[in-house]
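# When you get a sec, could you give me coordinates for this:
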Amino acid sequence: MARYAVNDEAVAYVRTLIDKRQYVLRSEWGEVQPDAETQNAYLDRHDWAAYGRWHLGLTEGAGEETKARYAFVVGDFRRVHRSGLIACVYRASEWRHKAVELAAHDLLQHLDATSG
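Next up is the predicted model:
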């Protein structure tokens with residue numbers, strides 16, 4: 001099973017987006033989660049650092065500039081989705097990636113407090 005480190009840069013970026021109210025409170029994550037085509041289109045216009053800021057996990061041992069490096073996406077490359085944070089908490093919890101689970105949980109609590 002893959003091991004993940006928390007992407008601290010992504011955590012800070014997502015927190016900033018939440019503070020700027022760049023979020024969606026109600027969405028169906030399965031419908032809005034970026035698919036491979038959307039990810040590729042984003043990478044055509046942005047660098048790997050920008051792509052990485054949308055992912056709370058970094059896959060240990062994966063190459064730096066590869067999609068495999070990044071895990072636990074939380075937005076649609078424009079806004080953070082509450083459903084994306086919930087999915088990250090659930091998936092990280094399910095597979096016992098405690099640090100990522102707690103980072104996602106903290107961001108979810110921050111979003112809920114900010115959005116009222």
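
# Got the phi and psi for Val24?
phi -120, psi 120 (degrees, to the nearest 10).

# and it, how many residues sit next to it?
By other C-beta atoms under 10 Å, 15 other residues sit near Val24. In short, each C-beta sits where N, CA and C put it, glycine included.

# For Glu28, which non-adjacent residue is closest in space?
Ser83 (6.7 Å; C-beta to C-beta, 6 or more residues apart in numbering).

# Then Gly63?
Spatially, and ignoring its direct neighbours in sequence, Gly63 is nearest to Arg69 (6.2 Å; C-beta to C-beta, 6+ apart).

# any idea where the helices of this structure begin and end?
Under the criterion DSSP state H, helices of the chain are mapped to 8-19, 29-32, 36-45, 48-52, 82-94, 98-115.

# Give the buried residues for the first one.
When burial is assessed from 16 or more other C-beta atoms under 10 Å, helix 8-19 yields the following buried residues: 10-11, 13-15, 17-18.

# related to what we said a few turns ago, local confidence estimate at the residue nearest to Glu28?
On the pLDDT scale, Ser83 is placed at 98.

# Met1 now?
Looking at Met1, its pLDDT reads 79.

# related to what we said a few turns ago, I'd like the helices of the chain as a markdown table, with distance to Gly63 appended.
What follows is the helices of the chain, written out as a markdown table (distance: least, C-beta to C-beta, whole Å):
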| stretch | distance to Gly63 |
| --- | --- |
| helix 8-19 | 17 |
| helix 29-32 | 27 |
| helix 36-45 | 14 |
| helix 48-52 | 10 |
| helix 82-94 | 22 |
| helix 98-115 | 19 |
